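Peer 1: here is a sequence with its predicted model. Questions after.
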Amino acid sequence: MGEKVVTALSEQLKSMQRVEKTGFVSEEKAADYFAEKEQILESVGKTLETVSDATSTELEAIKGTLKEMRANLKSDAGNPKELTKHELCYSIGKAIAAAWTGNAQTLGELKCSPNLKSDNWNNPRDFVWSADKGFQTANTKAALGEPMGNMATNEQYLINPIYETAIMQDAAKQSVMMNLVKHRPMTGPSIFLPQRDRGGVELKWLTAYGQKIDGSKPQGATRVELKAYTLAGFIPWFDEYEEDVFVDLGAMFIDEFTETYAQEFDRQCLLANASPFTGAFHASDIKNKIIGGASPSALTYKDFRDAVLLVPAEERKDCRWFFHETVLAHITGITDANGRPLWRGPMDGKPGTVDGYAYTECQILPQMGDIGQNQNFAIFMNPKRIIHGNRKGIEIKRFTETTEALEYGEIFLRFRKRDGFLVTRSKGNMVTLKTGA
């Protein structure tokens, strides 16, 4: 029994070196990683104290390894390797080239992993890589007679989670909504979330002794379903993969992914109409403030004040306006009845406001010249009412199953990511500005 425990602990210690060699994108991520590893080492040490029937040589060997790893961990935690932008682009480019050519060894060294599942994707921690056995399922022992390693894949690979984090950080810089909405991690295709309106408890005064007591009655929360679907993108690609172009390959992929993903993220949050999600502009029971003209040039200060008052005071303290920059350009010329400008520009490190409320310029919203009759063009809401369901993992694959590939020989790099979007509590808490008929 003791020998089995020692063997298992040895394998656990070996597996601890899988990720940190690739570096970290920030000190915060490094701190989280090393804290997790410290907990593992602590549990290994406690387990060793309970082993009594293993040989003293084995115990001393693993205790020596444990002591050395604790010292190394302490040293590494004090000076974590932080990836530079150049190193990140090089590593991502190298991973793409390896996925394109089926170089499993390079993918394994970069901590990428096969994605053999269609619905619930594999977790990168499900696999380990070794030069002699290839990709193998982690922490499992093959049955007698089973081939050593399984090199067969469907050519779909999940990139190193560290690279994924860095890419999503770049995407957040190009998206106006990603840093404003509420994010919810998802491990499955669907979750049900409680949606409770403000308050939630009914109060009652008892004014006489002996009066029948009716306890506070909570208003039952309704449950709403947050679904996640798979988003696929196809980048026209080429196959010149020498080492001197890895940096350019990685930079190209990051630019293409972050730009298109950021725009789609904002669209799903704001403008999507059952495609496949429904954005805030098309949310059910949303209020509309119709301005006094068929063109946005008819906007007055009263339109903004009337719209804001349609939202309860306790809700609007966290709300802000969303509109296109051309609409803002028009707003800067609007004054109230006393001649005071509606717009206040940024000053003293504080953001600009429209009639006292923060605003966000969003390029995907309608421009002044494109806004027609009976059309929503601005919205006042709390962006935290939009929930983004985030299923971890970015998958890459060489893709030739297209009409262009058959007709013109054009090939693509396909990437896939899974997300869900849900607008909650829109009734009475969101209002749009809308042109008249």
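Peer 2: The structure has been received and is ready for your questions.

Peer 1: which SSE is the residue nearest to the spatial centre of the chain in?
Peer 2: By CA atoms, centre = their mean, the chain has its centre lying nearest to Asn390, at 4.8 Å. Per DSSP states H and E, Asn390 falls inside strand 386-399.

Peer 1: before we move on, the earlier item: what's the distance between the residue nearest to the centre of the chain and Gln136?
Peer 2: Computed as CB to CB, to the nearest Å, the Asn390 to Gln136 distance reads 28 Å. Just so you know, the C-beta spots here come from the backbone N, C-alpha and C atoms, and that holds for glycine as well.

Peer 1: do the same with Ile191
Peer 2: Per CB to CB, Ile191 is found 31 Å from Gln136.

Peer 1: also Arg418?
Peer 2: In terms of CB to CB, Arg418 sits 25 Å off from Gln136.

Peer 1: could you do Ser297 as well?
Peer 2: Taken as CB to CB, the span from Ser297 to Gln136 is 66 Å.

Peer 1: what residues are up against Asn429?
Peer 2: 311-312, 315, 381-382, 385 (CB atoms under 8 Å, 6 or more residues apart in numbering).

Peer 1: in three-state terms, how would it be classified?
Peer 2: Assigned by DSSP: H, G, I helix; E, B strand; the rest coil, the conformation of Asn429 is coil.

Peer 1: could you do the one 4 residues further on as well?
Peer 2: Secondary structure, three-state DSSP: Leu433 is strand.

Peer 1: for the stretch 251-400 of the chain, what spans make up the strands?
Peer 2: 287-290, 320-323, 343-344, 353-354, 357-361, 376-381, 386-399 (DSSP state E, counting those that start in this stretch).

Peer 1: for the stretch 51-200 of the chain, same thing?
Peer 2: 113-114, 127-130, 134-137, 156-158, 182-185, 190-195.

Peer 1: can I get those in JSON lines with mean neighbour count, distance to Met252 and mean pLDDT?
Peer 2: Putting the strands of the stretch 51-200 of the chain into JSON lines (neighbours: other CB atoms under 10 Å; distance: least, CB to CB, whole Å; pLDDT from 0 to 100) gives the following:
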{"stretch": "strand 113-114", "mean neighbour count": "25", "distance to Met252": "23", "mean pLDDT": "88"}
{"stretch": "strand 127-130", "mean neighbour count": "19", "distance to Met252": "26", "mean pLDDT": "73"}
{"stretch": "strand 134-137", "mean neighbour count": "18", "distance to Met252": "27", "mean pLDDT": "72"}
{"stretch": "strand 156-158", "mean neighbour count": "24", "distance to Met252": "18", "mean pLDDT": "92"}
{"stretch": "strand 182-185", "mean neighbour count": "12", "distance to Met252": "27", "mean pLDDT": "93"}
{"stretch": "strand 190-195", "mean neighbour count": "13", "distance to Met252": "34", "mean pLDDT": "85"}
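
Peer 1: of the ones you listed, give the one that comes closest to Lys94.
Peer 2: strand 156-158 (12.4 Å; CB to CB).

Peer 1: so the residue nearest to the centre of the chain touches Thr187, yeah?
Peer 2: No. With contact defined as CB atoms under 8 Å, Asn390 does not count as touching Thr187 (10.4 Å).

Peer 1: which stretches of the protein have low pLDDT?
Peer 2: Applying pLDDT under 70 to the chain flags residues 1-82, 125, 132, 138-153, 196-203, 213-221, 239-243, 402, 404-408.

Peer 1: related to what we said a few turns ago, now distance to Thr230 too, for the strands of the stretch 51-200 of the chain, in CSV please.
Peer 2: Output for the strands of the stretch 51-200 of the chain, formatted as CSV (distance: least, CB to CB, whole Å):
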stretch, distance to Thr230
strand 113-114, 17
strand 127-130, 21
strand 134-137, 23
strand 156-158, 12
strand 182-185, 17
strand 190-195, 13
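
Peer 1: relative to Phe377, which of those is closest?
Peer 2: strand 182-185 (24.9 Å).

Peer 1: what lines up beside that closest one in the sheet?
Peer 2: Its sheet considered, strand 182-185 pairs with strand 386-399 (parallel) by DSSP bridges.

Peer 1: and the strand it pairs with, C-alpha only, in PDB?
Peer 2: Once non-C-alpha atoms are left out, strand 386-399 reads as follows in PDB (Å, rounded to 0.1, in the frame of the first residue of the first chain):
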ATOM      1  CA  ILE A 386     -26.200  41.900 -18.900                       C
ATOM      2  CA  ILE A 387     -24.700  38.600 -18.000                       C
ATOM      3  CA  HIS A 388     -22.000  37.000 -20.000                       C
ATOM      4  CA  GLY A 389     -21.600  33.200 -19.600                       C
ATOM      5  CA  ASN A 390     -17.900  32.400 -20.200                       C
ATOM      6  CA  ARG A 391     -17.000  28.800 -21.100                       C
ATOM      7  CA  LYS A 392     -13.200  28.500 -21.000                       C
ATOM      8  CA  GLY A 393     -11.200  27.400 -24.000                       C
ATOM      9  CA  ILE A 394     -10.200  28.600 -27.400                       C
ATOM     10  CA  GLU A 395      -9.900  25.900 -30.000                       C
ATOM     11  CA  ILE A 396      -7.900  26.100 -33.300                       C
ATOM     12  CA  LYS A 397      -8.000  23.800 -36.300                       C
ATOM     13  CA  ARG A 398      -6.800  23.700 -39.900                       C
ATOM     14  CA  PHE A 399     -10.000  23.900 -41.900                       C
END
